[in-house]
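Visitor: Return a 3D structure for these sequence lines:
(chains A and B)
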Amino acid sequence: MRKAKEMKPDLIFMDIVMPGVNGYQATRMLINDPETSLIPIIMVTTKGQETTGFWGLRQGAVDYLVKPVSAQALVEKAQAALAT
Amino acid sequence: MTSTASGTDTSLRSLRDRPFELLKELEKRSRTVAANSVAEAEKGQEWVGVAFRMGGETFLVAREETREVLGYPAVVTRIPGAKSWVKGLAQCAWGAHADAGFAAIPWERRDHLGSQYAHRGGQSPDIPAGLMVDEVLGFRRFAEIGIQCGRAADGDPLR
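Guide: From the prediction side, this is the model:
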């Protein structure tokens, strides 16, 4: 959260499993914060957890990727997210 | 969370219509974040492993021992005279390598298991080998002080 506020990145790839807060919580916090609410977030899930992408979208993420991520999918989703 | 800032002024938005440059910039930033994460782990703050399932068991391997995780290669070239559990040679980002199966799991059984594939490097710089697994579960992080050997009471080694 602190880094997102400091850096104001163009795009965030959000992992689900992280130390401290998980990816859903972090996404909700970023979306609800006026300073970071416009940063597009792409959830990154592992295979077999595709439903977590759906839940990520419910938290406000613009899209999700399933690992292992292909270069083509990465670029396409990043391009689409950066257009928002 | 992977933020896109990496100490450079390049805006990802400015690269939106140049996919190759965008991909290169994403890779560069990802490597920077990964290098910083390894540096933090080396300070003893946390231990990070890649979790995977294989033959009904759950395993963890240290992140620094994992070169790459990728889907099962589309093309695998058989090696004449190789052991039956060696699937063959495949091309990946850092060169050709042998796709080694796990000797404890019969090849006949692995054929109908999941298709994910964990690529472990570092066993030998000359003969990099990949390990085929059922499913990659992603990173698991542990505070250095909280690492304990063995299984939890419920049998899940990841808890």
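Visitor: Where does pLDDT dip in the chain?
Guide: As the question left the chain open, I've gone with chain A. The model of chain A has pLDDT under 70 over residues A:17-20, A:47-53.
Visitor: Hmm, no, I was thinking of chain B.
Guide: B:1-9, B:37-44, B:70-73, B:90-129, B:144-159.
Visitor: go again using 80 as the cut-off
Guide: Where chain B drops to pLDDT under 80, the residues are B:1-10, B:33-47, B:63-79, B:82-132, B:135-159.
Visitor: Which parts of it are strands?
Guide: Assigned by DSSP state E, chain B shows strands spanning B:46-54, B:57-62, B:66-71, B:86-92, B:95-100, B:116-120, B:129-132, B:135-143.
Visitor: Count the neighbours of residue 32 for me.
Guide: You didn't say which chain, so I picked chain A. For A:Asn32, the number of neighbouring residues by other C-beta atoms under 10 Å in any protein chain shown comes to 11. Every residue, glycine included, has its C-beta placed from N, CA and C.
Visitor: should've been chain B
Guide: B:Thr32: 15 neighbours (other C-beta under 10 Å).
Visitor: repeat for A:Met7
Guide: The burial count for A:Met7: 16, using other C-beta under 10 Å.
Visitor: could you measure it against chain B, distance?
Guide: Look at A:Met7 and chain B: by C-beta to the nearest C-beta, to the nearest Å, they are 4 Å apart.
Visitor: where's A:Gly56 relative to B:Lys28, distance?
Guide: 25 Å (C-beta to C-beta, to the nearest Å).
Visitor: before we move on, what about B:Val69?
Guide: Distance, B:Val69 to B:Lys28, by C-beta to C-beta: 20 Å.
Visitor: Of A:Gly56 and B:Lys28, which one has the most company?
Guide: Comparing A:Gly56 with B:Lys28 by other C-beta under 10 Å, the one with more neighbours is A:Gly56, at 24 against 13.
Visitor: Ramachandran coordinates for that one?
Guide: Phi and psi for A:Gly56, reported as degrees, to the nearest 10, are phi -60, psi -40.
Visitor: Distance check, the residue nearest to it when sequence neighbours are not counted against B:Asp134.
Guide: Nearest non-adjacent residue to A:Gly56, counting by C-beta to C-beta, 6 or more residues apart in numbering or on different chains: A:Met43, 3.1 Å away. A:Met43 sits at a distance of 23 Å from B:Asp134 (criterion: C-beta to C-beta).
Visitor: more crowded one of those two?
Guide: Higher neighbour count among A:Met43 and B:Asp134: A:Met43, with 26 against 19, using other C-beta under 10 Å.
Visitor: Would you double-check that that one falls in a strand?
Guide: Yes: remark: A:Met43 belongs to a strand, assigned using DSSP: H, G, I helix; E, B strand; the rest coil.
Visitor: Who are the contact partners of A:Val62?
Guide: For A:Val62, the contacting residues are A:40-42, A:80-81, A:84, by C-beta atoms under 8 Å, 6 or more residues apart in numbering or on different chains.
Visitor: let's see it at 10 Å
Guide: Residues in contact with A:Val62 (C-beta atoms under 10 Å, 6 or more residues apart in numbering or on different chains) are A:11-12, A:39-43, A:56, A:77, A:80-84.
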